[in-house]
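Novice: Got a predicted structure here, sequence first:
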Number of protein chains: 2
Amino acid sequence: MKLKAMYSFLNTDLRAVEKELEKTVQSDYSQLSEAALHLLQAGGKRIRPVFVLLAAKFGTYDIERIKHVAVALELIHMASLVHDDVIDDAELRRGRKTIKAKWNNRFAMYTGDYMFARSLEQMARLENPLAHRILANTIVEVCRGEIEQIKDKYRFDQNLRCYLRRIKRKTALLIAASCQLGAIAANAAKDVAERLYLFGYYVGMSFQITDDILDFTGTEAKLGKPAGSDLLQGNVTLPALFAMEDKHARERITAVHPKTTPNEMKEIITLIKQTGAIEKSYALSDRYLQKAFRVLETLPNNKARSTLYDIAKYIGKRDF
Amino acid sequence: MKLKAMYSFLNTDLRAVEKELEKTVQSDYSQLSEAALHLLQAGGKRIRPVFVLLAAKFGTYDIERIKHVAVALELIHMASLVHDDVIDDAELRRGRKTIKAKWNNRFAMYTGDYMFARSLEQMARLENPLAHRILANTIVEVCRGEIEQIKDKYRFDQNLRCYLRRIKRKTALLIAASCQLGAIAANAAKDVAERLYLFGYYVGMSFQITDDILDFTGTEAKLGKPAGSDLLQGNVTLPALFAMEDKHARERITAVHPKTTPNEMKEIITLIKQTGAIEKSYALSDRYLQKAFRVLETLPNNKARSTLYDIAKYIGKRDF
């Protein structure tokens, strides 16, 4: 079953979110609208809006109210990607030129700032102090995650804890917040919102680990960038960490630098696969997924819950 | 009378703000704390926190509550300066190396993001949906102002309206929001908060025009950077706009480019002064100041009001 088919019953509402997204990034500065639309049109799974909507189903669901939360979370995610690409000096994302590549770093900085500012405006429609506190804390953590990623670049002596803390901040907390804020905006019960937060956190961890695996196992066609890009950029992810437990692999991995050639990279990827690091990474991703499922079991049994289950399962096992 | 002497009765509270500012920018990433402290210690007038505190005096003043609003507005201001310096490729600010010069553009981008995120956290302590909406709208406008500044660089055919709109977004609205949010956080009457907003807007306009004048008339020692830096960076400000009404001055000004030498710049500054553009700019600054005074007269007559009067007067006439 394809991902989108799992939540086809949300299609009308997701179109409303998409329309609001497009409206929100419009600006009287055409270059900025163009850059923002370039990003929007690159697609992406819109997984954060989907989580917001599904979480809202546990409360009083009103798309006119919820869509602003969905838009805000997608915009924060996109703004962070734009700034991320500046840090990583990335040329491609999802097979399209990045803002920094198509224009330049400075313009990318402001496009990110603008999208981020617009997301705050969307959230400000919500008259709920708790929601603002959650969002602010989440943004600080995402920021910390990004900063840690700069700090930890080419740091091959980092441990598992360091990696997990980084992906928690970089990815999992924003997905957790999407679930929690969707529930809060729909006035769901407090403990339901908290459990949805926990579910989002576990799914987010599984999601990012799978993402980090795919960077090694995916094809360039599917990834939209060459395999091994993370490592080449100095981002030491889970498969690399596990592979470095092998002495020979460790020697090759720690020698990676920005000018490592595509052929050398292919050899290193093969080596990483031979150590069993991919399987070990999938096992950890799966452990998070199982935790997510256990949280789901404690929630009211409704269509939203079974959809969250399907999506989580798909995300953990996906190959794109 | 020196600026600081005007609000010496706020000294204890301003020290509380300063302490909170230092605490807020601390991070377990030492390079980031270092950069943020580098910025904080560069000083600055802390004019936004002063306005927040004074505006709060029109309501129920509680420094423990208000200080977070003051810190938030100063952090937003500082974050925008850090990103500004990336855009302007500026080496010096207030005589100190900028973050982008001391480290690099990417690090400056994230230092700004982090300070900005921390400011949201401070504001989130305020359980007032209106305050969040005002802040979000202000941030979008500040962002737009920055983007317009990039767009309008070396655009010598811009008109007065274009300039005024840019400084409104870039400067005046954040000062207006400081006044309004201080009042709102202290539960001052709605119309008092709105008039304080208007006062802040007029003062902010006057403040920025004076700032733009000083860039031409100030000494390098006082400015902490060479005179004429704005124009050299392509920022077409009010004195340049007025001077371009003179044909000869127009020819010289429109020929300015990033590699214009310091000696050529000196000649151009002399020329601008000869056209009477400085006096005309001061006159416009003064008109905004008079508007600010008229708004003040409608407010309750208390110590905060007379202090706002003194500060506004000083800011409009200052020579640093």
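Specialist: All right, it came through fine. Numbers count the residues shown, from 1 in each chain, chains lettered A, B, ... in the order given.

Novice: So which bits of the stretch 51-200 of chain A are right by chain B?
Specialist: A:83, A:86-87, A:105-107, A:109-110, A:113-114, A:117-118, A:120-121, A:123-129, A:132-133, A:135-137, A:139-140, A:142-144, A:146-148, A:150-151 (CB under 8 Å from any CB of the partner chain). All C-beta atoms are positioned from the backbone trio N, CA, C, and that covers glycine.

Novice: what are the ranges of the strands in the stretch 1-150 of chain A?
Specialist: In the stretch 1-150 of chain A, the segments counted as strands under DSSP state E, counting those that start in this stretch are A:92-93, A:96-97.

Novice: Test my guess that A:A176 contacts A:R195.
Specialist: No. A:A176 is beyond contact range of A:R195, at 10.8 Å (criterion: CB atoms under 8 Å).

Novice: higher neighbour count, the two?
Specialist: Neighbour count, other CB atoms under 10 Å in any protein chain shown: between A:A176 and A:R195, A:A176 has more, with 25 against 20.

Novice: Run through the residues that contact that one.
Specialist: A:T138, A:Y197, A:L198, A:F199, A:G200, A:Y201, A:G204 (CB atoms under 8 Å, 6 or more residues apart in numbering or on different chains).

Novice: Work out for me the element the fourth one sits within.
Specialist: When you say that, I think you mean A:F199. helix A:190-217 (DSSP states H and E).

Novice: Now find how far off-centre that helix is within its chain.
Specialist: Averaging C-alpha positions (CA atoms, centre = their mean, to the nearest Å) puts helix A:190-217 9 Å from its chain's average.

Novice: which of the residues in it are buried?
Specialist: For helix A:190-217, the buried set under the neighbour-count rule, 16 or more other CB atoms under 10 Å in any protein chain shown, comprises A:192-217.

Novice: Next one, pLDDT for the residue nearest to A:G95 when sequence neighbours are not counted please.
Specialist: Of all residues not flanking A:G95 in the chain, A:G224 sits nearest, at 3.3 Å (CB to CB, 6 or more residues apart in numbering or on different chains). Looking at A:G224, its pLDDT reads 77.

Novice: Ok, A:V52 next?
Specialist: pLDDT, A:V52: 98.

Novice: I figured it was touching A:A186, is that so?
Specialist: No. The pair A:V52 / A:A186 is not scored as a contact, 9.4 Å apart, by CB under 8 Å.

Novice: okay, and the common contacts of the two?
Specialist: A:I66.

Novice: Please enumerate the helices of the stretch 101-250 of chain A.
Specialist: Taking DSSP state H, counting those that start in this stretch as the criterion, the stretch 101-250 of chain A contains helices spanning A:105-123, A:129-151, A:160-167, A:173-185, A:190-217, A:220-223, A:229-232, A:238-243, A:247-254.

Novice: most packed of the ones you listed?
Specialist: Of these, the one with the most neighbours on average (mean count of other CB atoms under 10 Å in any protein chain shown) is helix A:173-185, at a mean of 28.

Novice: export the strands of the stretch 1-150 of chain A to a markdown table and tack on distance to B:I315 and mean pLDDT?
Specialist: Output for these, formatted as a markdown table (distance: least, CB to CB, whole Å; pLDDT from 0 to 100):
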| stretch | distance to B:I315 | mean pLDDT |
| --- | --- | --- |
| strand A:92-93 | 45 | 77 |
| strand A:96-97 | 45 | 84 |
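
Novice: quick one: contacts for the nearest residue to A:A183 once chain neighbours are set aside?
Specialist: Nearest non-adjacent residue to A:A183, counting by CB to CB, 6+ apart: A:A193, 3.8 Å away. Residues near A:A193 by CB under 8 Å, 6+ apart: A:A55, A:F58, A:Q180, A:A183, A:I184.

Novice: Give me the distance between A:A193 and B:K4.
Specialist: Noted for A:A193: a distance of 47 Å to B:K4, by CB to CB, to the nearest Å.

Novice: re the thing from before, if you count surrounding residues, which of A:V52 and A:A186 has more?
Specialist: Shown here are A:V52 and A:A186; by other CB under 10 Å, A:V52 has more neighbours (30 against 22).

Novice: if I pick the residue most central in space within chain A, what's in contact with it?
Specialist: Nearest to the mean C-alpha position of chain A, by CA atoms, centre = their mean, lies A:T171 at 4.8 Å. Residues near A:T171 by CB under 8 Å, 6+ apart: A:G145, A:G204, A:M205, A:F207, A:Q208, A:D211.

Novice: Nearest to B:L37 among these?
Specialist: When the contacts of A:T171 are ranked by distance to B:L37 (CB to CB), A:G145 comes first, at 21.9 Å.

Novice: my guess is the closest one meets A:C162, correct?
Specialist: No. Counting by CB under 8 Å, A:G145 stays clear of A:C162, with 11.6 Å between them.

Novice: For the lowest-mean-pLDDT helix or strand in chain A, name the packing helices and strands.
Specialist: Least confident helix or strand, chain A: strand A:92-93 with a mean of 77, by mean pLDDT, DSSP states H and E. For strand A:92-93, not one helix or strand is in contact under the criterion 3 or more CB pairs under 8 Å, 6 or more residues apart in numbering or on different chains; DSSP states H and E.

Novice: Go ahead and measure how far that strand is from the middle of the chain.
Specialist: Centre-to-centre, strand A:92-93 and its host chain are 15 Å apart (CA atoms, centre = their mean).

Novice: Counting neighbours, what do you get for A:S281?
Specialist: By other CB under 10 Å, the residues close to A:S281 number 24.

Novice: Number of residues surrounding A:P226?
Specialist: For A:P226, the neighbour count with other CB under 10 Å is 16.

Novice: Leaving out chain neighbours, which residue sits closest to it?
Specialist: Using CB to CB, 6+ apart and skipping the chain neighbours, the partner closest in space to A:P226 is A:E220 (5.2 Å).

Novice: cool, A:G228 as well?
Specialist: Distances taken as CB to CB, 6+ apart put A:M265 closest to A:G228, at 4.4 Å, once the chain neighbours are dropped.

Novice: Next up, the contacts around that neighbour.
Specialist: The contact partners of A:M265, by CB under 8 Å, 6+ apart, come to A:P226, A:A227, A:G228, A:L231, A:L232, A:V256.

Novice: Apply 10 Å and report the result again.
Specialist: Counting by CB atoms under 10 Å, 6 or more residues apart in numbering or on different chains, A:M265 touches A:F216, A:P226, A:A227, A:G228, A:S229, A:L231, A:L232, A:V256.

Novice: which SSE is it in?
Specialist: According to DSSP H and E, A:M265 maps onto helix A:262-274.
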